[in-house]
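Participant: Need a 3D model of the following:
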Amino acid sequence: MSTTATTEWSAPGRTVLPPKGRLALKLRAGQRVSVVDLEGQQVMDFIASMVEDPNERLSAMFTRVSMGKWDLQEGYTIYSDRCRPMFKVVKDDVGIHNMTGGYCSKYSNSIRYGVEETWGCLDNLIGDWQEFGLDPTAINPDQCISLFMRILHHDDGRMEITEPTSRPGDTIVLEALADMYVGFSNCPEEHNPCNAFHVTPMAVVVE
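Facilitator: Purely as a prediction, here's the structure:
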């Protein structure tokens, strides 16, 4: 993976991502980024890697284990695959954010829904990493957290994707605890209820 990305640091500001859109950010430690569900019931996938060593990535699994719950919530810390703090959740209106790992892709849609060549979060995240000059083949499912996504874990072991509970204006605010590359994907999935079968815009605010 390249460690010579030349992308400028992200300046404060607000960006509205259209349905199925993406956004790449390079954040300094201490900056905050807010993800706002503008119309409700929309998922935003995101991945992250350390600027000092992009081979150190966000880990949904180590974050789950450290926090002891499946869903990200206010006050939680997001950890890397080397168990170093990456983000602090400083505000959260919903408390339901999937940390199972993974992202929608043409591959998963093919085996799950029998559809071919659909645009997915993986395509967006690849675009984010290419924008940084990073190796997109290094993106892995454990690197991804799905904001506002609601997955039920049933007593019989079943996992069930259901419609999000987020309402218009609901927000989660993350504080970067290190210099970070971050890739966002406004989830394009329309073949299951994760976006209530209707993809909508999202806003990202950098402070």
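Participant: Run a quick neighbour tally on L174.
Facilitator: 27 (other C-beta atoms under 10 Å). C-beta: built from backbone N, CA, C; applies to glycine.
Participant: And for V51?
Facilitator: Residues near V51, counting by other C-beta under 10 Å: 21.
Participant: Surely it touches Y181?
Facilitator: Yes: at 6.1 Å, V51 counts as touching Y181 under the criterion of C-beta atoms under 8 Å.
Participant: Which neighbours do the two have in common?
Facilitator: K26 (C-beta atoms under 8 Å, 6 or more residues apart in numbering).
Participant: Please verify my assumption that A60 contacts L147.
Facilitator: No: applying C-beta under 8 Å, one finds A60 not in contact with L147, separated by 11.8 Å.
Participant: what residue is smack in the middle of this protein?
Facilitator: F46 (2.0 Å; C-alpha atoms, centre = their mean).
Participant: For the residue located most distally from the centre of the chain, give me the pLDDT.
Facilitator: Ranked by distance from the centre of the chain (C-alpha atoms, centre = their mean), the top residue is D156, with 27.6 Å. pLDDT recorded at D156 is 93.
Participant: mind checking which helix or strand of this structure has the lowest mean pLDDT?
Facilitator: helix 106-113 (a mean of 75; mean pLDDT, DSSP states H and E).
Participant: Am I right that the residue nearest to the centre of the chain is in a strand?
Facilitator: Yes: residue state for F46 (DSSP: H, G, I helix; E, B strand; the rest coil) corresponds to a strand.
Participant: can you tell me which residues contact it?
Facilitator: F46 touches 35, 144-145, 147, 182-185, counting by C-beta under 8 Å, 6+ apart.
Participant: Equivalent analysis for R167, please.
Facilitator: Contacts of R167 by C-beta under 8 Å, 6+ apart are 37, 40.
Participant: what angle do the helix ranked longest in the chain and helix 106-113 make?
Facilitator: If you go by DSSP state H, the chain has its longest helix at helix 121-132. Relative orientation of helix 121-132 versus helix 106-113 (axes from the mean of the first three to the mean of the last three C-alpha atoms, to 10 degrees): 170 degrees.
Participant: Restrict helix 121-132 to CA atoms and write it as PDB.
Facilitator: What follows is helix 121-132, C-alpha atoms only, in PDB (Å, rounded to 0.1, in the frame of the first residue of the first chain):
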ATOM      1  CA  CYS A 121     -20.500   0.600  -1.100                       C
ATOM      2  CA  LEU A 122     -17.300  -1.300  -2.000                       C
ATOM      3  CA  ASP A 123     -17.200   0.600  -5.300                       C
ATOM      4  CA  ASN A 124     -17.500   3.900  -3.500                       C
ATOM      5  CA  LEU A 125     -14.900   3.000  -0.900                       C
ATOM      6  CA  ILE A 126     -12.500   1.900  -3.700                       C
ATOM      7  CA  GLY A 127     -13.000   5.400  -5.200                       C
ATOM      8  CA  ASP A 128     -12.200   7.000  -1.900                       C
ATOM      9  CA  TRP A 129      -9.000   5.100  -1.500                       C
ATOM     10  CA  GLN A 130      -7.900   5.700  -5.100                       C
ATOM     11  CA  GLU A 131      -8.400   9.400  -4.500                       C
ATOM     12  CA  PHE A 132      -5.900   9.200  -1.700                       C
END
